[in-house]
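# kindly generate the corresponding structure for this input.
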Amino acid sequence: MKYQTSGKLIIIRAIYSIVMIAILAIIICSQYLLKLSSEMHNIITYLAIVLIIFLLILMLIYTPLEYKMLGIKINDSGVIIHRGLIVRKKIYIAWSKIYTVTKSNGPLELLTNTKSVSVVTLANEITIPAINKKQADEFIKCMNQAIKEHTNENTSY
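From the prediction side, this is the model:
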């Protein structure tokens, strides 16, 4: 089985970026009220502009490309997670290493009808953001069933 993150991941990240840009714009505007020295005013303004440009690049270029690269594949021996844009990672987790699978959804994920799924091993937790709600439930059901099957095979002698 193969799962892909929802395109709504782009919307969620865009909303986060827009909020950050708005905060930076407020900081730029509030400088006039604080009556800072012109040198300090210039430093804060340039820093805010650089951060705004960075957030725009993140929102318009990086996030859509990252969305295309993120995916999950379930096979008989475990889970394969593909992620990363600049540094591609192919994470293989054997069924025997998976401790639990959890799902969560924040306020923006509730609005976009998506969930984040976390695969927890004894070593770390790998989170896959913004999976369609129906697919996330199906993914967790499939994972839990496979984990139970694998633990039953290992305990029967």
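
# can I take it that V119 is in a helix?
No - using DSSP: H, G, I helix; E, B strand; the rest coil, the secondary structure at V119 is strand, not a helix.

# all helices in this protein, in order from the N-terminus.
For the chain, helices defined by DSSP state H occupy the ranges 8-34, 38-57, 63-69, 107-112, 133-155.

# how about these in TSV, adding mean neighbour count?
Glycine gets a C-beta too; all of them are placed from N, C-alpha and C. TSV is the format used below for those (neighbours: other CB atoms under 10 Å):
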stretch	mean neighbour count
helix 8-34	15
helix 38-57	13
helix 63-69	15
helix 107-112	15
helix 133-155	14
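
# nearest to V101 among these would be which one?
helix 133-155 (4.5 Å; CB to CB).

# how far off centre is the closest one?
22 Å (CA atoms, centre = their mean, to the nearest Å).

# which residues sit against that helix?
Among residues not part of helix 133-155, those counted as contacts by CB atoms under 8 Å, 6 or more residues apart in numbering are 1, 3, 6, 72, 74, 79, 95-96, 98, 101, 103, 105, 113-115, 117, 119, 131.

# can you flag the buried ones in these?
3, 6, 72, 74, 79, 95, 98, 101, 103, 105, 114-115, 117, 119, 131 (16 or more other CB atoms under 10 Å).

# and the residue sitting nearest the centre point of the chain, what does it touch?
The residue lying closest to the centre of the chain (CA atoms, centre = their mean) is P129, at 3.7 Å. Taking CB under 8 Å, 6+ apart, we find P129 in contact with 5, 9, 12, 70, 114, 116.

# appreciated, that's everything.
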